[in-house]
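K.L.:
Next come a sequence and a model predicted from it.
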Amino acid sequence: MGTEIKVENLTKSFGKSLIWGDVTLTIPAGEICVMLGPSGTGKSVFLKTLIGLLKPDRGSIVIQGTDIASCSEKELYEVRKLFGVLFQDGAMFGSMNLYDNIAFPLREHTKKSESEIRNIVMEKMDLVGLLGTEDKLPGEISGGMRKRAGIARGLVLDPEIVLFDEPDSGLDPVRTAFLNQLIVDLNAQIDATFLIVTHDINTARTVPDNIGLLYHKHLAMFGPREMLLSSEEPVVRQFLNAQRVGPIGMSEEKDADELAAEADQELPPLPPIPMQLEPSNGIPRRSQREPGAWCKENGITPPPGSFEENMSMTTAV
Ligand SMILES: Nc1ncnc2c1ncn2[C@@H]1O[C@H](COP(=O)(O)OP(=O)(O)OP(=O)(O)O)[C@@H](O)[C@H]1O
């Protein structure tokens, strides 16, 4: 299970306004990727383009041999069945209880009997820790529970690719930590390919196998977690360490005067690379490797203190 997504030279504009151009990356089967980027750089547009809700101007997105940028509607309909999507707010129907919300895709897209549907819904509710809340309305539960219900609903059709659009938005740090653990556990358990859009730097530093950064209408970098967390590239370094010093300004790129004013400021050292979050259910991640393996293979010395067992999960910001 889990399928690769191969994106080549993807470009998307709305009218004359370019959102991003020439995006090329391969999201490996079964791994977790995080896509970062300042607000408005087109992360949600990227997710929508991957599932064919938006059409790119150019380029290809190949999933199981089908280019969804140029395929027929019928082919697109088939490829879409591979996806589960978690929208920001969980996108629950307010007047339906959680059971019916989670059962909805099965009733809409399959011919399964109500008893088969019941088995699947209860299994997914169990996976996300929501057994016993079947009769609750979305308005009666917390934001974190709504997110988990959204995940359960995204999983009922057994997707091979799961897209998460800011799963941690509006959650407190403790609930975010629980949600991150759930995401890592689910990834190991269902072995699907996960792509997460987030603004949470701690999530980006600890959860994924790979990180991408969209900035200034292009993909600034995409690669293994350790590659980006040890990178000295100014935009990557600034964003992944949530710093003010660097090329990214409040609304757009800084201008020459602003950059000149910063020229003498010494950059803080790169913080240690934290351990990757491990599944708590005893199932190894598909891509599990020794901490520091990428750095070693590539002759990179990680920042001091990296990969220490008891290192704080928070970043030095
Ligand atoms: N359907 C659309 N028509 C026209 N412009 C759009 C459309 N959808 C998005 N945009 C524009 O594309 C740009 C990128 O939007 P998007 O929501 O993808 O950014 P984002 O990186 O996800 O932002 P944030 O981090 O704030 O959620 C924005 O300027 C937005 O106004």
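P.N.:
Thanks, I have the structure now.
K.L.:
pretty sure Gly195 belongs to a strand, no?
P.N.:
Not quite, residue 195 is Leu, not Gly. Yes. The assignment for Leu195 is a strand, going by DSSP: H, G, I helix; E, B strand; the rest coil.
K.L.:
pretty sure it is in contact with Leu25, am I right?
P.N.:
No. Counting by C-beta atoms under 8 Å, Leu195 does not reach Leu25; the two are 10.3 Å apart. (Glycine included, C-beta is placed from N, CA and C.)
K.L.:
which one of these two has more residues nearby?
P.N.:
Neighbour count, other C-beta atoms under 10 Å: between Leu195 and Leu25, Leu195 has more, with 23 against 18.
K.L.:
Compute the distance between that one and the ligand, please.
P.N.:
13 Å (C-beta to the nearest ligand atom, to the nearest Å).
K.L.:
now swap in Arg80 and tell me
P.N.:
18 Å.
K.L.:
Tell me how many other residues surround that residue.
P.N.:
So Arg80, with other C-beta under 10 Å, has 17 neighbours.
K.L.:
Report the contact partners of it.
P.N.:
With contact taken as C-beta atoms under 8 Å, 6 or more residues apart in numbering, Arg80 is in contact with 51-52.
K.L.:
pLDDT score for Thr176?
P.N.:
Per-residue pLDDT puts Thr176 at 88.
K.L.:
Relative to Leu47, how far out is it?
P.N.:
Counting by C-beta to C-beta, to the nearest Å, the separation of Thr176 from Leu47 is 19 Å.
K.L.:
Check Ala177 too.
P.N.:
Per C-beta to C-beta, Ala177 is found 23 Å from Leu47.
K.L.:
any residues touching stretch 107-121, and which ones?
P.N.:
81, 99, 102-103, 106, 134, 152, 156-157.
K.L.:
ok, Ala177 and Leu47, which is more surrounded?
P.N.:
Leu47 (22 against 17).
K.L.:
Excluding residues flanking it in the chain, which one is nearest the more buried one?
P.N.:
Leu163 (5.1 Å; C-beta to C-beta, 6 or more residues apart in numbering).
K.L.:
and that neighbour, bridged to which residues?
P.N.:
In this entry, Leu163 is beta-bridged to Val85, Leu195, by DSSP bridges.
K.L.:
residues near it, how many?
P.N.:
24.
K.L.:
I'd guessed it sits against Ile51; true?
P.N.:
Yes. Counting by C-beta under 8 Å, Ile51 is a contact partner of Leu163 at 6.8 Å.
K.L.:
Which residues are in contact with Asp185?
P.N.:
279-281, 283 are the contacts of Asp185 under C-beta under 8 Å, 6+ apart.
K.L.:
for the ligand, what are the nearby residues on this protein?
P.N.:
Residues of the chain found near the ligand (C-beta under 6 Å from any ligand atom) are 14, 19, 37, 39-45.
K.L.:
Which secondary structure elements does the helix or strand where Ser13 lies sit against?
P.N.:
In this assignment (DSSP states H and E), Ser13 forms part of strand 5-14. Packing partners of strand 5-14 (3 or more C-beta pairs under 8 Å, 6 or more residues apart in numbering; DSSP states H and E): strand 17-27, helix 43-50, strand 58-63.
K.L.:
Determine which stretch of these is the most buried.
P.N.:
Comparing the helices and strands packed on strand 5-14 by mean neighbour count (mean count of other C-beta atoms under 10 Å), helix 43-50 comes out on top with a mean of 21.
K.L.:
Where do the helices of the chain begin and end?
P.N.:
Shown for the chain, the helices assigned by DSSP state H span residues 43-50, 73-80, 98-109, 114-127, 143-155, 173-190, 201-206, 225-229, 234-240, 256-262, 293-297.
K.L.:
mean pLDDT for those: which is lowest?
P.N.:
Out of the helices of the chain, helix 256-262 stands lowest, with a mean of 64 (criterion: mean pLDDT).
K.L.:
before we move on, back to that, looking at the helices and strands packed on strand 5-14, spot the one closest to Asn298.
P.N.:
Nearest of the helices and strands packed on strand 5-14 to Asn298, taken as C-beta to C-beta: strand 17-27 at 18.0 Å.
K.L.:
Next, the residues that contact the strand holding Ser13 from outside, please.
P.N.:
Here strand 5-14 has contacts from 18-27, 42, 45-46, 49-50, 54, 56-63, 69, 161, 193, 195, using C-beta under 8 Å, 6+ apart.
K.L.:
Can I get stretch 276-293 in CSV, CA atoms only?
P.N.:
Provided in CSV are the C-alpha atoms of stretch 276-293 (Å, rounded to 0.1, in the frame of the first residue of the first chain):
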residue,chain,number,x,y,z
GLN,A,276,12.2,11.7,14.4
LEU,A,277,8.9,10.9,16.1
GLU,A,278,8.6,7.1,16.2
PRO,A,279,5.3,5.1,16.0
SER,A,280,4.0,4.2,19.5
ASN,A,281,2.2,1.1,18.2
GLY,A,282,5.5,-0.9,17.7
ILE,A,283,5.2,-0.9,13.9
PRO,A,284,8.3,0.6,12.4
ARG,A,285,8.0,3.4,9.8
ARG,A,286,8.5,2.2,6.3
SER,A,287,11.4,4.5,5.8
GLN,A,288,12.8,4.1,9.3
ARG,A,289,16.6,4.7,9.4
GLU,A,290,19.3,5.3,11.9
PRO,A,291,19.2,8.9,13.3
GLY,A,292,21.8,10.9,11.4
ALA,A,293,22.1,8.3,8.5
